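S.K.: Let me see the structure of the following:
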Amino acid sequence: MRAPRNGVPWTIARLRWRAFYRWYIRSARWRARREAFAREYEAQTGERVTCLICASAWSVHRDDVHHLSYDHLGDERFEELWALCRGCHDDLHADLDRARQWRKIGWHQASVIIATRLA
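M.R.: Numbering: from 1, shown residues only. Sure thing, here's the model as predicted:
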């Protein structure tokens, strides 16, 4: 779990949410959702899953799935998820975490803008 920004203490509610998120991302339920996402992607596009940003081959066991929204965490919708290679996902989060401006426009829109810049 990343540390809070300097001068911004985390509330108990935020700490609880982060603890749940950390547990969920390591759970069998999330692994199953990732696999279902890959199957759904291939069924909808007729193509193998690739990183949305760099178009490299994507692996359910090696790479990441980025949440565009946490509104349905634990019951994510297909359109709320992106396949990203580990490097692109790290780059996207580095930009999201670096500037507070992204929180003003929302997680989804910020992700779209940053991914466009990275591509």
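S.K.: And for the closest residue to Leu92 other than its chain neighbours, the neighbour number?
M.R.: In this structure, Leu92 finds its nearest non-sequential neighbour in Ile114, 5.4 Å apart by CB to CB, 6 or more residues apart in numbering. The way it works is simple: take the backbone N, C-alpha and C, and place the C-beta from them, glycine included. Burial measure for Ile114: 20 neighbouring residues, criterion other CB atoms under 10 Å.
S.K.: in what helix or strand does Ile114 lie?
M.R.: Assigned by DSSP states H and E, Ile114 belongs to helix 107-118.
S.K.: What are the buried residues along that helix?
M.R.: Neighbour-count burial for helix 107-118 flags Trp107, Ala110, Ser111, Ile114, Ala115 (criterion: 16 or more other CB atoms under 10 Å).
S.K.: With the residues you listed in mind, say which one has the least confidence in the model.
M.R.: Comparing pLDDT over these, the lowest score belongs to Trp107 (88).
S.K.: Now do the same contact list for it.
M.R.: Counting by CB atoms under 8 Å, 6 or more residues apart in numbering, Trp107 touches His67, Leu68, Ser69, Tyr70, Leu96.
S.K.: does the fourth one count as helix, strand or coil?
M.R.: In this case it means Tyr70. coil (DSSP: H, G, I helix; E, B strand; the rest coil).
S.K.: Now stretch 42-51: buried residues?
M.R.: So, applying 16+ other CB under 10 Å, buried residues of stretch 42-51: Val49, Thr50, Cys51.
S.K.: Please report how far the first one lies from Arg18.
M.R.: When CB to CB, to the nearest Å is applied, the distance between Val49 and Arg18 equals 28 Å.
S.K.: Hmm, Val49 is touching Glu42, no?
M.R.: Yes - assessed by CB atoms under 8 Å, Val49 is found in contact with Glu42 at 6.4 Å.
S.K.: how about the residue nearest to Leu92, what does it touch?
M.R.: Contacts of Ile114 were listed using CB under 8 Å, 6+ apart, and they are Leu92, Asp95, Leu96, Trp102.
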